[in-house]
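Q: sequence unknown, structure follows:
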């Protein structure tokens, strides 16, 4: 699919002009304008960050650059020449390589077979030669890749490195990284940042798409902010360097959300030191899960109006704890709600007793994507009055209740009959909150409630959690974000390798105490 | 009862009965690898059985009969390609529809053409391999077969080679596991899948023709008798390994031909019990090995560029 333009591009322009230029791109989907007259210039040797909250139109822009979608208006220029990018393959031949958020490697093939994919069909892939080239290029970039490993055995970070390598080895001069850190561990994200620095040092242009402000500042040479599908502003390299991080942060927040938005972290003072109410949730010797890290012998209690935080590195038994409490996995031990043993009850029974669980798997187990918003509000009480009577649906009651929820929880949706899967992550979270926080809730478990949300929705969700506690509910807040816990919780428990290592009051010494508990080492 | 005669009879019976399973199973494996769950396999076998018999009877040549069978299988498969691969309709629904269509059509054609005369083909000569077929026990078991049998065993090796050693093998794997990645690599996913499904049709049709031309010598309506579905199970259990299809086909073939072998051995068991064997075997094998059977991630999903 080599186009005449592709050939023209291979000569580098005399002056270091932009590698890629977006000229007034507009893309409409039914009911929304995803991109409205977006322009940007991508220069070699720069990490160009496209920053925007969920739904700002970043993915659509990537889609047009990589040839998955065509702009309705405007065009793309590569090396100064106007091009129409027809497919990812074509984009690659033009020198634009994309690493999508979701891996584009074939999991059941080895790394080297993923590189040789697409060769003349009856020939043998030159596996040895390709493997040698992979190892060589990887070494040059300071990466270690086993070319004969099956992709399905690699970690997400390793898969991403392989995809970056592949894009480079196919001659990309502009690399697009779409939400590249979303699936990575913090450690892997840092190595990705270092890799990006090495790549731009070689003269590559990188487009780094993210909704995380701190990453934009840490890795970006130039930051373009998208807001509601439009250019909200751009900060060039000189301006970025001239300002302090705090100054840049304030400027970007103003661009992303319009002036006057508060920052994400901590306005609320720590809530420690108030009179504890009566005990609501008492957990004793709870043991569950048979996986690599089972939950062992968890004992704690939550008072009325109290927020108990649960800190810990993700995957240390938090999910097992939440699911054991909500009754979704079998468990041993005692769970008492308002003095009543609910450990033997089903999921529905516990919910009826007043225990609510806001899952972090919002689209998987939290909602049914294809169902309307209105039905998702009632997902856990389908068939019950007044929304169903004698087995028949009462659409008016359902609609009235849904419209009230939409209003009270500020859910941005075209209508209550819109499938919930079409909403953005933040609004799906609001649907979940509306469902779990209304009615007869006594105790609420939040699992990573702000994970993957943008700044505004994080703010709104944290407010809801605080309101829930103030309304007298007992709250268990599971989070991997220590600042969030320090902002919201009254007491903080620390979980590590399936065991609760200790519970501390949220006061001035809490941060140190939690750090000590998390790194306490072997079995107590 | 495990005399030499019993073993040889059982083995030869297993080969004859297992051959359609092996051919269809190899085809289904190919098609599943590429991401198309071919439920129409039973129909393709039946179409091959009918067309194979018709051509062999009209022309007097069993070689032409086999070709006709493979062609008829491909015609049915081309419908599958149009509906499922190109138009992206539901593979299971279309597969069932194709099977029912072919069952009805071949039964009708058979009724119109042959219901008065019931013609029979002469039995086919086997091709003994010179020298090797003279070895006691081993000779009659392995080196005295219908040419299609040798061809199919070679095919097993050829498929194993394609899967492991060629770009085509990687492309097929990608078409079933991550079609978007294959598309991005510049290979036409639709064409890759179409090639796989058409080949499946030819193999299943050949298997059907083997049934009517080489084994039975007649065409009987519905004579494929669940073979297509057993072959689907075989392919699923074998995942990407053609040799496993060979082993599985012999195992099921043995249980299908148990009746004859037991009669030879002088044991009298009701035929109905014996005819249940292969299906009981399917359930048994699924119980033992079914948990580990992993299928391609995009199996049964149509491919559309840029869709999420």
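A: The structure has been received and is ready for your questions. In this text the structure is predicted, and so the values were computed from the model without any measurement. Numbers count the residues shown, from 1 in each chain, chains lettered A, B, ... in the order given.
Q: ok, now which ones touch whatever residue of the stretch 401-524 of chain A ends up closest to chain B?
A: Nearest residue of the stretch 401-524 of chain A to chain B (CB to the nearest CB) works out as residue A:421 at 10.9 Å. Bear in mind the C-beta positions are built from the backbone N, C-alpha and C, glycine included. With contacts defined as CB atoms under 8 Å, 6 or more residues apart in numbering or on different chains, the neighbours of residue A:421 are A:363, A:367, A:369, A:370.
Q: how does it look with 10 Å?
A: By CB atoms under 10 Å, 6 or more residues apart in numbering or on different chains, the contact list for residue A:421 reads A:363, A:367, A:368, A:369, A:370, A:371, A:373, A:376, A:428.
Q: How about residue A:381?
A: Taking CB under 10 Å, 6+ apart as the test, what residue A:381 contacts is A:348, A:351, A:352, A:387, A:388, A:435, A:439.
Q: thinking again about what came up before, you'd agree the residue of the stretch 401-524 of chain A closest to chain B is in a strand?
A: No. Going by DSSP: H, G, I helix; E, B strand; the rest coil, the assignment for residue A:421 is helix, not a strand.
Q: distance of it from residue A:372?
A: Counting by CB to CB, to the nearest Å, the gap from residue A:421 to residue A:372 is 10 Å.
Q: Any idea which residue of the stretch 101-250 of chain B lies closest to chain A?
A: residue B:185 (3.4 Å).
Q: so that residue touches residue A:125, yeah?
A: No. Contact criterion CB atoms under 10 Å: residue B:185 and residue A:125 do not qualify, at 12.0 Å.
Q: Not counting its neighbours along the chain, what's nearest the residue of the stretch 101-250 of chain B closest to chain A?
A: Of all residues not flanking residue B:185 in the chain, residue A:118 sits nearest, at 3.4 Å (CB to CB, 6 or more residues apart in numbering or on different chains).
Q: Ramachandran angles for the one you found?
A: The phi/psi pair for residue A:118 (degrees, to the nearest 10) reads phi 100, psi 10.
Q: Tabulate the contacts of residue A:421 (a markdown table), appending distance to residue B:110.
A: A markdown table is the format used below for those (distance: CB to CB, whole Å):
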| residue | distance to residue B:110 |
| --- | --- |
| A:363 | 53 |
| A:367 | 54 |
| A:368 | 49 |
| A:369 | 49 |
| A:370 | 45 |
| A:371 | 49 |
| A:373 | 56 |
| A:376 | 54 |
| A:428 | 58 |
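Q: Which members of the residues you listed are classed as buried?
A: A:367, A:371, A:373, A:376, A:428 (16 or more other CB atoms under 10 Å in any protein chain shown).
Q: List the ones among the residues you listed that fall in helices.
A: A:373, A:376, A:428 (DSSP state H).
Q: Chain neighbours aside, what residue packs nearest to the last one?
A: Which is residue A:428. residue A:362 (5.0 Å).
Q: and the one you found, how many neighbours?
A: Applying other CB atoms under 10 Å in any protein chain shown, we find 23 residues neighbouring residue A:362.
Q: That one touches residue A:446, doesn't it?
A: No. Between residue A:362 and residue A:446 there is no contact under CB under 10 Å: 11.9 Å.
Q: anything in contact with each of these two?
A: Counting by CB under 10 Å, 6+ apart, the residues touching both residue A:362 and residue A:446 are residue A:432.
Q: how about JSON lines for the ones in helices among the buried ones among the contacts of residue A:421, with pLDDT and distance to residue A:161 added?
A: What follows is these, written out as JSON lines (pLDDT from 0 to 100; distance: CB to CB, whole Å):
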{"residue": "A:373", "pLDDT": "91", "distance to residue A:161": "39"}
{"residue": "A:376", "pLDDT": "90", "distance to residue A:161": "38"}
{"residue": "A:428", "pLDDT": "88", "distance to residue A:161": "31"}
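Q: Just name the closest of those residues to residue A:21, please.
A: Taking CB to CB as the measure, residue A:21 lies nearest residue A:428 of these, at 35.2 Å.
Q: okay but that closest one is in contact with residue A:359, surely?
A: No. Using CB under 10 Å, residue A:428 is not in contact with residue A:359, being 11.1 Å away.
Q: Thanks a lot, catch you later.
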